[in-house]
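Novice: Fold the following.
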Amino acid sequence: MKISTLLDNLITKKFYENKEEIQNKLDVFYAMSKITDEEYTTLTLKVEEMYNVVENAEGTVENQEKTEESEVQE
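Specialist: Predicted coordinates:
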């Protein structure tokens, strides 16, 4: 299994608690030439998508996915 596939799975399953943890891992793998430019770009975009954080009306920070779920329920 390629490291990029493993990282993709970890990002998809939100294995890490926050975006900074996984982004640091990607940076290290990229710096050590374990993933290509294209893989790094793709994985970084996926991190942004999966760990997207927004502010809700009360001023607290939530995950975009949770905010969207609550909007659908209303």
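
Novice: how about low-confidence regions in this protein?
Specialist: For the chain, the stretches flagged by pLDDT under 70 are 53-74.

Novice: need the contact list for the residue most central in space within it.
Specialist: The centroid of the chain falls nearest to Val47 when counting by C-alpha atoms, centre = their mean (2.2 Å). Neighbour list for Val47: 11, 19, 22-23, 26 [criterion: C-beta atoms under 8 Å, 6 or more residues apart in numbering]. Using the backbone N, CA and C atoms, a C-beta is placed for each residue, glycine as well.

Novice: how much space is there between it and Ser33?
Specialist: 19 Å (C-beta to C-beta, to the nearest Å).

Novice: could you pull out the strands for this structure?
Specialist: Along the chain, counting by DSSP state E, strands occupy 53-55, 61-63.

Novice: Same question for stretch 37-52: list its buried residues.
Specialist: Buried residues in stretch 37-52, counted by 16 or more other C-beta atoms under 10 Å: 39-40, 43-44, 46-47, 50-51.

Novice: Columns distance to Met1 on top of those residues, output as a markdown table?
Specialist: Below are the buried residues of stretch 37-52 laid out as a markdown table (distance: C-beta to C-beta, whole Å):
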| residue | distance to Met1 |
| --- | --- |
| Glu39 | 13 |
| Tyr40 | 18 |
| Leu43 | 15 |
| Thr44 | 20 |
| Lys46 | 17 |
| Val47 | 19 |
| Met50 | 20 |
| Tyr51 | 23 |
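
Novice: Can you tell me which of these is nearest Ile3?
Specialist: Glu39 (8.4 Å; C-beta to C-beta).

Novice: List the contacts of the closest residue to the closest one other than its chain neighbours.
Specialist: Spatial nearest neighbour of Glu39, excluding adjacent residues (C-beta to C-beta, 6 or more residues apart in numbering): Ser4 at 4.2 Å. With contacts defined as C-beta under 8 Å, 6+ apart, the neighbours of Ser4 are 35-36, 39, 42-43.
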